[in-house]
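Undergrad: have a look at this fold, sequence not included:
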């Protein structure tokens with residue numbers, strides 16, 4: 001198990017590029033199954049879930065290649081294994097997104113039911129009901145969804161709960177169906193719109209993406225396309241909250257401000273000064289931090305994926321705030337860890353009351369899920385004193401945080417870095433076909449050629465106090481001066 005050491009109490013100050021959205025990239029990768037022609041996808045985020053998805057597609061027979069800028073090319077001309085095994089699906093619930101494309105194009109699929117999720121139930125019954133309405137015969141056999149259809153038929157489908165992956169799965173299936181499919185009470189998230197735009201680039205006929213009624217006119221086949229994944233609004237929001245919580249300033253590049261309206265409005269309530277352009281956001285925190293109450297709900301309301309980060313911010317804000325979680329029933333697991341650092345939080349049902357304290361104290365804490373991980377990093381950046389945090393996903397990018405990560409069983413050492421702004425090139429030939437990348441259960445060595453590299457964020461030990469202070473001075477320099485001083489910006493996407 002790895003651990004991350006954070007020396008808190010330093011305002012963040014810097015500029016960083018926002019990476020591609022994970023929640024948009026995963027369904028777009030699965031959409032590669034809908035055509036035999038090449039689908040080239042740019043701005044793919046550097047994440048384990050992406051590597052897992054590429055491994056799954058490779059096992060099915062998709063020809064996968066990754067270029068030196070982390071662009072991905074998929075060729076699904078020779079798919080010969082129409083199954084998503086439990087070993088893959090249990091590690092990433094988004095694997096269910098291969099179900100719709102496989103049934104639509106190949107007429108059959110065998111996909112493992114997803115396992116449990118730490119933050120709450122995510123049932124796939126709406127995916128199954130929608131495909132059945134389109135004419136698929138579906139059975140549950142030994143924990144697998146087994147689906148068959150000669151060709152899916154257009155249908156009117158009402159989803160009684162808003163489901164993002166359900167909307168995406170059925171939209172992909174409907175793209176190749178015979179006739180028109182209408183999805184009512186559809187998810188409106190920007191990631192759904194991004195998938196729709198990719199499908200349209202491939203020849204699909206889709207109307208209404210971004211509204212609660214999506215109409216898909218099925219076509220005989222889709223063709224290849226070049227498509228760039230949208231920026232990650234949750235990663236962007238997390239960086240902004242970290243800057244507000246530490247009383248710092250930050251500029252985000254390659255970002256669409258319009259997809260983050262609910263978060264930006266709440267940050268302004270907290271006291272932040274925010275400016276935005278077509279593809280950038282800048283934020284500065286000059287005054288006192290004010291408590292902000294939030295209630296999560298489907299887009300365009302406040303996103304559940306930002307709840308934990310705002311809680312970490314609220315624990316040192318003036319006043320009290322209520323935080324209501326309406327999406328997942330078990331998404332307050334970070335509360336206990338924040339309490340260990342001195343936070344004053346009371347939870348009753350799906351509502352947490354957060355009363356601001358003067359300061360947090362460094363403590364050993366443990367992360368439980370992805371967004372909780374981010375909240376604990378933010379808390380560590382606020383806290384006075386050193387803090388150890390285990391079981392983590394790292395990010396701090398180009399900001400001026402002081403952190404050091406090392407494996408729990410060995411001292412920190414130098415290693416290859418994942419530069420947040422200039423991705424490390426993939427070495428060697430691309431992996432293709434059924435050759436699975438690392439972490440997939442295949443036999444390729446970790447870090448082998450042709451895969452999305454897994455970052456090694458280990459640093460040399462902190463060294464002398466003078467060295468430590470010198471590093472912080474360099475971190476605050478402008479980009480040009482930072483390069484002259486040899487400072488290398490590092491980080492990891494959420």
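TA: The structure has been received and is ready for your questions. This one's a predicted model, so the numbers in the text were calculated from it and none came from an experiment.
Undergrad: contact partners of whatever helix or strand residue 130 lives in?
TA: Using DSSP states H and E, residue 130 maps to helix 125-133. In this structure, residues lying in contact with helix 125-133 by Cβ atoms under 8 Å, 6 or more residues apart in numbering are 96, 99-100, 103, 138, 145, 147, 149, 152, 155-157, 159-161, 163, 165-166, 169-170, 173, 183. Just so you know, the C-beta spots here come from the backbone N, C-alpha and C atoms, and that holds for glycine as well.
Undergrad: buried only: go through these for me.
TA: Neighbour-count burial (16 or more other Cβ atoms under 10 Å) applied to the contacts of helix 125-133 gives 96, 99-100, 103, 138, 145, 147, 149, 152, 155, 157, 159, 163, 165-166, 169-170, 173, 183.
Undergrad: residue contacts, residue 174?
TA: Going by Cβ under 8 Å, 6+ apart, residue 174 touches 104, 134, 152, 154, 181, 183, 216, 218.
Undergrad: recalculate using a threshold of 10 Å.
TA: 100, 104, 130-131, 134, 152-155, 157, 180-183, 199, 204-206, 214-218 (Cβ atoms under 10 Å, 6 or more residues apart in numbering).
Undergrad: which ones among these lie within strands?
TA: 157, 180-183, 205-206, 214-217 (DSSP state E).
Undergrad: redo those residues as JSON lines? Include distance to residue 8 and pLDDT.
TA: Below are these laid out as JSON lines (distance: Cβ to Cβ, whole Å; pLDDT from 0 to 100):
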{"residue": "157", "distance to residue 8": "49", "pLDDT": "98"}
{"residue": "180", "distance to residue 8": "56", "pLDDT": "98"}
{"residue": "181", "distance to residue 8": "51", "pLDDT": "98"}
{"residue": "182", "distance to residue 8": "51", "pLDDT": "98"}
{"residue": "183", "distance to residue 8": "46", "pLDDT": "98"}
{"residue": "205", "distance to residue 8": "52", "pLDDT": "98"}
{"residue": "206", "distance to residue 8": "47", "pLDDT": "98"}
{"residue": "214", "distance to residue 8": "45", "pLDDT": "98"}
{"residue": "215", "distance to residue 8": "51", "pLDDT": "98"}
{"residue": "216", "distance to residue 8": "49", "pLDDT": "98"}
{"residue": "217", "distance to residue 8": "54", "pLDDT": "98"}
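Undergrad: among the residues you listed, which two are most distant?
TA: The distance between the two most remote of the ones in strands among the contacts of residue 174 (Cβ to Cβ) is 16.9 Å, for 157 and 205.
Undergrad: what's the spacing between residue 108 and residue 379?
TA: In this view, residue 108 and residue 379 are 48 Å apart by Cβ to Cβ, to the nearest Å.
Undergrad: hmm, back to that, now the angle from the helix holding residue 130 to strand 180-184?
TA: 150 degrees (axes from the mean of the first three to the mean of the last three Cα atoms, to 10 degrees).
Undergrad: can you pull the buried residues of helix 125-133?
TA: For helix 125-133, by 16+ other Cβ under 10 Å, it's 126-131, 133.
Undergrad: which of those lies closest to residue 306?
TA: When the buried residues of helix 125-133 are compared against residue 306 (criterion: Cβ to Cβ), the nearest one is residue 126, at 24.2 Å.
Undergrad: I'd like the distance between the closest one and residue 301.
TA: Distance from residue 126 to residue 301, by Cβ to Cβ: 20 Å.
Undergrad: ok, now residue 10?
TA: Taking Cβ to Cβ, one finds residue 10 at 33 Å from residue 301.
Undergrad: residue 194 contacts residue 164, doesn't it?
TA: No - if you go by Cβ atoms under 10 Å, residue 194 and residue 164 don't touch, sitting 11.5 Å apart.
Undergrad: need the overlap of contacts for these two.
TA: 23, 27.
Undergrad: as a check, name the ranges of all helices in the chain.
TA: 22-30, 48-60, 86-89, 99-106, 125-133, 164-175, 190-201, 233-245, 261-269, 307-314, 334-340, 370-382, 465-475, 479-484 (DSSP state H).
Undergrad: among the ones you listed, which comes closest to residue 364?
TA: Checking those against residue 364 by Cβ to Cβ gives helix 334-340 as the closest, at 7.8 Å.
Undergrad: hmm, who's touching that closest one?
TA: Contacts for helix 334-340 (Cβ under 10 Å, 6+ apart): 307-309, 311-312, 314-315, 323, 332, 343-347, 352, 354, 360-361, 363-369, 371-376, 378-379, 387, 389.
Undergrad: name only those of the residues you listed that count as buried.
TA: 307-309, 311-312, 314-315, 323, 332, 343, 345, 352, 354, 360, 363, 365-369, 371-376, 378-379, 387, 389.
Undergrad: what is residue 6 paired to in the beta sheet?
TA: Bridge pairing for residue 6 (DSSP bridges) gives the partners residue 387, residue 403.
Undergrad: surely it touches residue 377?
TA: Yes - under the criterion of Cβ under 10 Å, residue 6 makes contact with residue 377 at 6.9 Å.
Undergrad: who are the contact partners of residue 34?
TA: The contact partners of residue 34, by Cβ under 10 Å, 6+ apart, come to 76, 100-102, 104-105, 172-173, 175-176, 199, 202-204, 221-223.
Undergrad: now list the buried members of those residues.
TA: The neighbour-count criterion (16+ other Cβ under 10 Å) marks 76, 100-102, 104-105, 172-173, 175-176, 199, 202-204, 222 among the contacts of residue 34 as buried.
Undergrad: burial measure for residue 69, as a count.
TA: 12 (other Cβ atoms under 10 Å).
Undergrad: can you give me the pLDDT of it?
TA: Looking at residue 69, its pLDDT reads 83.
Undergrad: again, but for residue 118
TA: Looking at residue 118, its pLDDT is 40.
Undergrad: check residue 7 too.
TA: The model reports residue 7 with a pLDDT of 85.
Undergrad: what pairs with residue 361 across the strands?
TA: Assigned bridge partners for residue 361, using DSSP bridges, are residue 384.
Undergrad: and it, how far from residue 112?
TA: 44 Å.
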